[in-house]
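[1] Kindly generate the corresponding structure for this input.
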Amino acid sequence: MAITDAQKVDYLFKKLGYGIAKTDTSTVKSPSNENIASPIIIRGNSIWAQSDSVPATIPTSNSSIVTVYADALSSTIQATNDGTASTNRTWNTNLTEWIDSSFGATYQVKVYLATTGSATPQTSGTQLFADGSGNNDEWFFDYTSGVLNFIGTNLPSGSFAGKSIFISGARYVGNKGLEHLGNVDFSGAISALTITENTYRVLTTNSNIQVTGDAIGSGTYSNIALTLADSGVVAGIYGSADDEIVDRVPKITVDSKGRITHISNVALTQIGNVSFNDTTISTTRGITVNSANNGNIILNANGTGTVQISGTNALWIPTGDTNTRPENPQSGYTRFNTDVDNIEFFTGTTWAVPGVSTVTSDTIIPDGTSDTYTLSGDTTTTGVLVSINGTVQQPVSAYSVLNDQITFTETPLHTDIIEVRAFAAGVSVTSLISGTTKVVVNSGTGAVRFINNSVEHININEAGAIVTSSPTISVPTSATPTIIDSYDSTIYRTARYTVQSTRLTNFESYEVLVTHNGITSYSSTSGIVNSGITLGTISTTIIGSNIVLQYTATGANTSIRLSKNYIVL
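    Here you go, the predicted structure:
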């Protein structure tokens with residue numbers, strides 16, 4: 001048997017009016033005698049969070065909160081006939097959350113019967129009113145579901161053939177859900193509350209809470225243990241404390257949340273300019289300052305200040321030979337030259353030794369008409385020695401010098417040979433250089449070194465002894481003549497050798513004289529001194545135009561050193 005309308009009304013009366021469950025008929029239990037609570041559920045995610053921004057009067061245009069459906073906006077909704085209900089009894093807009101008249105009387109939807117597909121049903125169709133036409137043809141519109149139902153006994157008069165129901169009104173399209181409510185003032189106490197994306201619930205003391213994100217952990221609402229998420233930074237001490245050799249500072253990257261996401265050591269050479277004011281830098285291990293990529297190290301004392309290096313020990317300046325001089329020197333560059341065993345500085349045009357001047361020689365080829373010629377550098381009238389055809393000229397009366405210009409009293413002939421030597425008082429020569437060959441004088445000891453291709457061959461030391469530093473010649477096998485020297489027979493006639501032989505702990509020395517007649521070579525060995533055994537013998541021969549000196553060892557692995565003198569033809 002079907003449920004009676006009286007039972008249905010009793011259920012709705014108790015549910016809606018009292019918020020309790022129906023457990024018996026109204027004659028047995030009135031609403032006041034029911035005691036099982038059954039409140040209506042309001043879904044949090046369906047709450048209109050911006051309902052307070054809905055205008056009191058239906059607007060004429062759309063917004064982010066209200067969408068209007070009307071002919072004026074070409075948007076009046078053509079409803080769809082519900083085929084599951086009686087023919088033409090129910091029409092579905094397929095749109096939900098229409099705004100009802102509780103927001104304002106103008107929000108009550110308007111219903112029209114018009115030709116299907118009409119773009120202007122409000123003007124071309126017939127408006128159907130909620131109370132009907134007096135023929136029990138009333139309608140009811142469910143604003144939540146967007147469904148229109150002709151709730152009366154009859155349908156509106158007139159044919160529905162080729163026609164449809166059209167709805168004009170407005171829908172809420174603003175934010176929904178508690179997360180969009182903004183600031184909420186709770187005047188009472190809230191024991192525990194957790195909010196997730198789509199659910200809202202009250203926690204109990206036994207509820208478990210999981211926390212993820214920048215901090216992770218779990219626990220109850222009254223006791224949650226949190227651990228900061230790993231940022232990837234390696235724990236440790238950064239800066240100079242972890243490096244006793246190179247001064248370093250930490251380079252730190254911090255994100256928008258204030259977390260350190262990266263940290264590394266950076267050498268002071270990478271941090272740009274560093275300023276120290278009234279600071280003394282000291283160390284017990286020494287300080288090393290290096291520049292990278294050919295950079296300069298600049299010490300600059302501003303104003304009237306000076307750069308001072310104190311102490312009583314020494315200052316070690318750059319040291320190297322002539323070949324290692326800087327490529328583009330500037331005036332004032334200072335270094336120690338190992339070829340001349342002295343300090344040198346760059347004058348702006350040439351390298352010079354302090355207190356020592358170099359002699360500059362200019363050869364002038366006269367044109368027979370000019371009195372004035374240009375020298376290679378600035379000097380003075382009394383600072384030069386001038387000779388014409390080997391005859392020294394008298395300063396002032398024969399010539400005068402202004403800067404790099406020399407003017408002669410009489411015009412030189414074009415056949416004259418003029419040499420001008422510019423010098424300063426106290427001239428001394430500490431080195432002579434020609435290509436890879438150098439003669440270097442030690443200004444302190446007076447020793448003279450003869451160097452070729454960076455190898456010292458002869459050294460006349462401070463005692464006057466001639467020291468030969470010829471390369472060692474290896475004779476690996478015995479009984480086979482090995483060439484130990486040769487000279488050009490077309491240039492030299494006679495040679496004199498002092499030969500030194502070494503094999504393990506055995507030694508032998510002697511002198512050899514060699515001469516030739518262009519066809520045959522002749523040699524004589526004398527002054528033989530050894531440690532007990534003969535290590536080898538000397539012989540000569542002619543190969544081509546060269547006189548060849550040969551050594552034949554009596555045993556393997558013999559080493560030879562020799563000094564030599566040649567006499568020209």
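
[2] tell me the mean pLDDT over stretch 333-352?
    For stretch 333-352, mean pLDDT is 88.

[3] distance of I343 from N337?
    8 Å (CB to CB, to the nearest Å). The way it works is simple: take the backbone N, C-alpha and C, and place the C-beta from them, glycine included.

[4] out of those two, which sits in the busier spot?
    More crowded of I343 and N337, by other CB atoms under 10 Å: N337, with 20 against 15.

[5] Please enumerate the helices of the stretch 101-250 of the chain.
    For the stretch 101-250 of the chain, applying DSSP state H, counting those that start in this stretch gives helices covering 121-124.

[6] in it, which ranges drop under the pLDDT threshold?
    Within the stretch 101-250 of the chain, the segments meeting pLDDT under 70 span 179-207, 221-222, 240-247.

[7] All the strands of it, residue numbers only.
    Counting by DSSP state E, counting those that start in this stretch, the stretch 101-250 of the chain has these strands, from start to end: 110-115, 126-128, 140-142, 147-149, 163-172, 193-195, 200-202, 209-211, 215-220, 223-228, 248-254.

[8] Just put the ones you listed in CSV and tack on distance to V396 and mean neighbour count.
    Listed next are these as CSV, based on distance: least, CB to CB, whole Å; neighbours: other CB atoms under 10 Å:
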stretch, distance to V396, mean neighbour count
strand 110-115, 126, 20
strand 126-128, 131, 16
strand 140-142, 128, 16
strand 147-149, 128, 19
strand 163-172, 115, 23
strand 193-195, 108, 11
strand 200-202, 114, 12
strand 209-211, 103, 13
strand 215-220, 97, 13
strand 223-228, 93, 10
strand 248-254, 68, 14
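
[9] Break the chain down into its domains, please.
    Domains of the chain are assigned by automatic domain parsing as 5-40, 61-172, 185-228, 360-427, 470-568.

[10] can I get the ones you listed in CSV with distance to V455?
    Converted to CSV, the domains of the chain look like this (distance: least, CB to CB, whole Å):
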stretch, distance to V455
domain 5-40, 109
domain 61-172, 92
domain 185-228, 68
domain 360-427, 29
domain 470-568, 7
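
[11] Please enumerate the strands of the stretch 451-569 of the chain.
    455-460, 466-468, 473-475, 482-488, 492-503, 506-516, 521-530, 536-543, 546-553, 558-568.

[12] got the strands of the stretch 101-250 of the chain as TSV, with distance to T391 columns?
    Shown next, in TSV, are the strands of the stretch 101-250 of the chain (distance: least, CB to CB, whole Å):
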stretch	distance to T391
strand 110-115	132
strand 126-128	137
strand 140-142	134
strand 147-149	133
strand 163-172	121
strand 193-195	114
strand 200-202	120
strand 209-211	107
strand 215-220	102
strand 223-228	97
strand 248-254	72
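
[13] what about the stretch 401-550 of the chain, any weak spots by pLDDT?
    Filtered on pLDDT under 70, the stretch 401-550 of the chain yields the residue ranges 424-432, 434, 443-446.

[14] averaged over its residues, what pLDDT does the longest helix along the chain have?
    In the chain, assigned by DSSP state H, the helix with the most residues is helix 5-12. Taken as a whole, helix 5-12 carries a mean pLDDT of 86.

[15] Report the backbone C-alpha coordinates of it in PDB.
    The C-alpha trace of helix 5-12 is given here as PDB (Å, rounded to 0.1, in the frame of the first residue of the first chain):
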ATOM      1  CA  ASP A   5       0.100  12.000   2.300                       C
ATOM      2  CA  ALA A   6      -0.500  12.400   6.000                       C
ATOM      3  CA  GLN A   7       2.600  10.300   6.800                       C
ATOM      4  CA  LYS A   8       4.600  12.300   4.400                       C
ATOM      5  CA  VAL A   9       3.500  15.600   5.900                       C
ATOM      6  CA  ASP A  10       4.200  14.300   9.400                       C
ATOM      7  CA  TYR A  11       7.800  13.300   8.300                       C
ATOM      8  CA  LEU A  12       8.400  16.700   6.700                       C
END
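
[16] Would you mark the buried spots in it?
    Using 16 or more other CB atoms under 10 Å as the test for burial, helix 5-12 gives D10.

[17] Which elements pack onto the first helix or strand past it going along the chain?
    Once the chain leaves helix 5-12, the next helix or strand it forms, by DSSP states H and E, is strand 66-69. Counting by 3 or more CB pairs under 8 Å, 6 or more residues apart in numbering; DSSP states H and E, the packing neighbours recorded for strand 66-69 are strand 163-172.

[18] now the angle from the strand it packs on to strand 110-115?
    Following axes from the mean of the first three to the mean of the last three CA atoms, to 10 degrees, one obtains 150 degrees for the angle between strand 163-172 and strand 110-115.

[19] what distance separates strand 163-172 from the centre of its chain?
    From the chain centre to the centre of strand 163-172 is a distance of 64 Å (CA atoms, centre = their mean, to the nearest Å).

[20] Repeat that for stretch 363-382.
    Relative to the chain's own centre, stretch 363-382 is displaced by 58 Å; criterion: CA atoms, centre = their mean.

[21] Count the residues that sit near P156.
    Neighbours of P156 (other CB under 10 Å): 20.

[22] now it: how far from Y143?
    Applying CB to CB to P156 and Y143 gives a distance of 21 Å.

[23] Quick one: residues in contact with the longest helix of the chain.
    Identification of contacts with helix 5-12 by CB atoms under 8 Å, 6 or more residues apart in numbering yields 22, 25-26.

[24] of all those residues, which comes closest to I281?
    The closest of the contacts of helix 5-12 to I281 turns out to be K22 (CB to CB; 91.6 Å).

[25] thought the closest one was touching I36?
    No. The pair K22 / I36 is not scored as a contact, 9.0 Å apart, by CB atoms under 8 Å.

[26] When the two are compared, which one has more neighbours?
    K22 (20 against 9).

[27] tell me the contacts of that one?
    Going by CB under 8 Å, 6+ apart, the list of residues near K22 reads 10-11, 14-15, 34.

[28] just to revisit the earlier point, for R259, find the nearest of the domains of the chain.
    domain 185-228 (7.0 Å).

[29] How about the contacts made by Y373?
    364, 366, 405-406, 418.

[30] Check W139 too.
    111, 128, 130, 132, 148-152.

[31] Just give me the closest of these to P326.
    L148 (97.5 Å).

[32] Report the spatially nearest residue to W351, omitting neighbours in sequence.
    Leaving aside its sequence neighbours, W351 sits nearest to E344 (CB to CB, 6 or more residues apart in numbering; 5.0 Å).

[33] And what about that neighbour, helix, strand or coil?
    At E344, secondary structure determined by DSSP: H, G, I helix; E, B strand; the rest coil is strand.

[34] That one and V111, how far apart?
    Distance, E344 to V111, by CB to CB: 110 Å.

[35] repeat for A79
    A79 is 9 Å from V111, by CB to CB.

[36] list residues touching both of these two?
    With CB under 8 Å, 6+ apart as the test, A79 and V111 both reach 148, 165-167.

[37] returning to what we had before: adding distance to G295 and mean neighbour count, write the strands of the stretch 451-569 of the chain out as TSV.
    Putting the strands of the stretch 451-569 of the chain into TSV (distance: least, CB to CB, whole Å; neighbours: other CB under 10 Å) gives the following:
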stretch	distance to G295	mean neighbour count
strand 455-460	35	15
strand 466-468	43	13
strand 473-475	46	16
strand 482-488	50	17
strand 492-503	50	18
strand 506-516	54	18
strand 521-530	60	12
strand 536-543	57	16
strand 546-553	54	21
strand 558-568	47	16
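
[38] Would you reformat those as JSON lines and include distance to L228?
    Output for these, formatted as JSON lines (distance: least, CB to CB, whole Å):
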{"stretch": "strand 455-460", "distance to L228": "68"}
{"stretch": "strand 466-468", "distance to L228": "76"}
{"stretch": "strand 473-475", "distance to L228": "72"}
{"stretch": "strand 482-488", "distance to L228": "80"}
{"stretch": "strand 492-503", "distance to L228": "76"}
{"stretch": "strand 506-516", "distance to L228": "80"}
{"stretch": "strand 521-530", "distance to L228": "86"}
{"stretch": "strand 536-543", "distance to L228": "84"}
{"stretch": "strand 546-553", "distance to L228": "82"}
{"stretch": "strand 558-568", "distance to L228": "74"}
